[in-house]
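# From the sequence below, what's the structure:
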Amino acid sequence: MKKILFYVPLLMTFFASAQKDFTPNWSKGVVWYQIFPERFSNGDFTNDPKGSDQEGAYPFDSTSEFQVHPWSSDWYELQPYEQKNGKDIWHNIQRRRYGGDIQGIINKLDYLKSLGITSLYLCPVFWSPSSHKYDALTYHHIDPAFGPDPDGDKKLIAAEDPLNPEKWVWTKADLLALKLIEEVHKRDMHIIFDGVFNHLGINSFAFKDVIKNQEASAYKDWFMVDSWDNAAKKTKFEYKGWFGVTTLPELKEDANGIVEGPKNYIFNATKRWMNPMNKGSQYGIDGWRLDVAYCVAHPFWKDWRKWVKSINSEAYLTAELVDPIAKTLPYLSGDEFDASMNYNFAFITHDFFVQDTTGSSVTEFDQKLKELRDGFGEGVAQNMQNLVGSHDATRIGSAVANPDGKKFGDWGAYFNWSQKSGNKTYNAQKPTPAQLQKQKLIAAFQILYLGSPMIYYGDEAGMWGSNDPDCRKPMVWDEIKYDPETTNPDQSKHAPDLVGFNTELFQWYQKFLAVRNQYDAVKKGNYTTILTNDAEKVYGFSRKYENQEVLVFINRGATTATITLPILKKGKYKDVFTQKRVKKLSVSPMDIVVLTGIKSKKGNISIEMLPFFYDDLKVVFKSCFVLLLLRDVKYLILQFGPLR
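Numbering: from 1, shown residues only. You can find the predicted model right below:
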């Protein structure tokens, strides 16, 4: 008789979820890649930014000598042009521009495809004076320095009426962004833009007009103005900036969220990028990531979601949220967002893998993951962007080099502790081979876990860096020869850290992404824990979709672990990489083994259910229609004749 293993929890895939699935289908289990455009790739040297382009951006120095910074230079080393202004490294890093642009992203799409990436998330690409672009001058134009004709684009923008979307021009940078979208879609990939709708930049078209015309401005009701310039009343112009940052004036809100003027502008800009030129949503972006979504009132997001879904019902909406489950739930209940940047996943993952002596146990790790999976419903869980680092956090390559310090989940304290600029003891040098092995283990788990892994650009290439700004170094490419890193922030020297594309690490990411993309069980299957061994720090789980199953065993410990589960003794599994049948399994320290079920030949099928508890359980088999009502299930074996 042929036997196939089933686990009772996995049978839940046969049921309708208790919570209605309101999320898109295409985004379930995709592989995200986060790109910081200014630092990803310089594909067009003729459009490189000028010093004057950063007027209004921190550190408010657009007049000191400037040049496009050498892509391959030592990160902390002040270049000759920088030394002339007499400022320290932290002042000068904020002034640096490396020339990354839209053409550079287009040029590297095949690289991303070969890695196994299926969806792109771009940090802001709209016109802005900063390197990060979170201080937008406009939402409806791509930064001219990202396109082929910066000067010509600026002239076109200056001549248009921002309040008349019917007359908005399409600059060459805008058109190149549409070309990027087209090229992404040609490769069966998806792309989302970053929406920063809580605030604009101080030099935005709207706020500049408010500064100039004060209460006579057409945009006077767009911002949170406390007082106007008025000699008679002896008042000065004062307004609210995001968290007190005056270069980021916040858009005005009332009980319904962002008020009518800026709301209409945001809605029009949203449609522009989702249905460009009214040609159809297939020509536009596939969704949005929303910056500081927690700073905007819920009613606005509810209205905005309706607008987005009216343009493209399968659009994907993800939010930047860093709060616990209970506080996050209102955003992920079906009328606002489909998912979030899953920082809670990062907190849990770091606590288990990064920490050596202060981390969570295997059991605690598993329990926290389950709470997070169950917190928002199956559809949201499958759509969550499971990250381990981002543009706002230390790179995973440096996190593994700094164990047992502050914990990532303690967001505020960790953020400051992990910045080299404020913590001289933070290790910002190249990770050791042992630390890199830890990154490999984290990456493999991230890729094989339920949801949608999101890789921060360059992690797969071996980049390292402490928190902002060091997590935003220029991408390491195989064809570029880099200077070794020998310089400390104070300009003293250390032993050279060689910088270059890490082919071995890239291939590690690539092979695990290939497993995800090949096996539906990993891409969209359910999740069942099958082993928690606190003593040896061994963790095992199953991913299953229909008749396909993948087993994963992780050894976080310091000694080789022998896995003796009954399910392995029958020889029904093989290693996904070697294709060898497995009956006895050993997992080396800080390593991972991935198995998949061996297909049975035609014949009788035995369905075996391992221990689990459900009050009432309905299982409908495709051709048998067997109804099981289980109470206090301990162990059950059912046998059926041949299924057809």
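# Give the residue spans of the chain that score low on pLDDT.
Scanning the chain for pLDDT under 70 picks out 1-19, 600-644.
# care to break it down by domain?
Segmentation of the chain into domains, based on automatic domain parsing, reads 2-23+525-640, 31-46+88-198+263-320, 205-247, 322-328+344-365+384-440+455-514.
# Let me have those in a markdown table, adding mean neighbour count and distance to Ala57 as columns.
Using the backbone N, CA and C atoms, a C-beta is placed for each residue, glycine as well. Shown next, in a markdown table, are these (neighbours: other CB atoms under 10 Å; distance: least, CB to CB, whole Å):
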| stretch | mean neighbour count | distance to Ala57 |
| --- | --- | --- |
| domain 2-23+525-640 | 16 | 36 |
| domain 31-46+88-198+263-320 | 20 | 4 |
| domain 205-247 | 15 | 7 |
| domain 322-328+344-365+384-440+455-514 | 19 | 13 |
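# I'd like a version of those domains in CSV, one that adds distance to Asp338 as further columns.
CSV is the format used below for the domains of the chain (distance: least, CB to CB, whole Å):
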stretch, distance to Asp338
domain 2-23+525-640, 4
domain 31-46+88-198+263-320, 5
domain 205-247, 25
domain 322-328+344-365+384-440+455-514, 9
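# Out of those, flag the one nearest Gly334.
For Gly334, the closest of these is domain 2-23+525-640, at 4.1 Å, according to CB to CB.
# Go ahead and measure how far stretch 555-568 is from the middle of the chain.
Offset of stretch 555-568 from its chain centre (CA atoms, centre = their mean, to the nearest Å): 32 Å.
# Could I have the CA atoms of it written out in PDB?
In PDB, the C-alpha atoms belonging to stretch 555-568 read as follows (Å, rounded to 0.1, in the frame of the first residue of the first chain):
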ATOM      1  CA  ASN A 555      20.200  23.900  13.200                       C
ATOM      2  CA  ARG A 556      20.900  27.100  15.100                       C
ATOM      3  CA  GLY A 557      23.100  25.200  17.500                       C
ATOM      4  CA  ALA A 558      26.800  24.600  17.800                       C
ATOM      5  CA  THR A 559      26.800  20.900  17.300                       C
ATOM      6  CA  THR A 560      25.600  18.500  14.600                       C
ATOM      7  CA  ALA A 561      21.900  17.600  15.100                       C
ATOM      8  CA  THR A 562      20.400  14.200  14.300                       C
ATOM      9  CA  ILE A 563      16.700  14.300  13.300                       C
ATOM     10  CA  THR A 564      14.800  11.100  14.100                       C
ATOM     11  CA  LEU A 565      11.200  12.000  13.300                       C
ATOM     12  CA  PRO A 566       9.000   9.000  12.400                       C
ATOM     13  CA  ILE A 567       8.000  10.600   9.200                       C
ATOM     14  CA  LEU A 568      11.600  10.300   7.900                       C
END
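# which residues are in contact with it?
Outside stretch 555-568, the residues within contact range by CB atoms under 8 Å, 6 or more residues apart in numbering are 5, 352-353, 362, 441, 530-531, 533, 536-540, 551, 553, 573, 582-592, 610.
# Could you do stretch 406-421 as well?
Residues outside stretch 406-421 that contact it (CB under 8 Å, 6+ apart) are 90, 322, 343, 346-348, 350-351, 354-355, 358, 392-394, 398-399, 402, 405, 422-423, 426, 428, 466-470, 489.
# re the thing from before, mind checking the domains of the chain for the one nearest to Phe337?
So among those, domain 31-46+88-198+263-320 is nearest, using CB to CB, at 4.5 Å.
# Now do the helices in the stretch 251-400 of the chain.
260-274, 298-311, 325-328, 343-349, 362-374, 378-383, 396-399 (DSSP state H, counting those that start in this stretch).
# same for the first one, what does it pack against?
What it means is helix 260-274. On a contact count with 3 or more CB pairs under 8 Å, 6 or more residues apart in numbering; DSSP states H and E, helix 260-274 meets strand 190-195, helix 298-311.
# run the last query once more with 6 Å
Secondary-structure packing of helix 260-274 (3 or more CB pairs under 6 Å, 6 or more residues apart in numbering; DSSP states H and E): helix 298-311.
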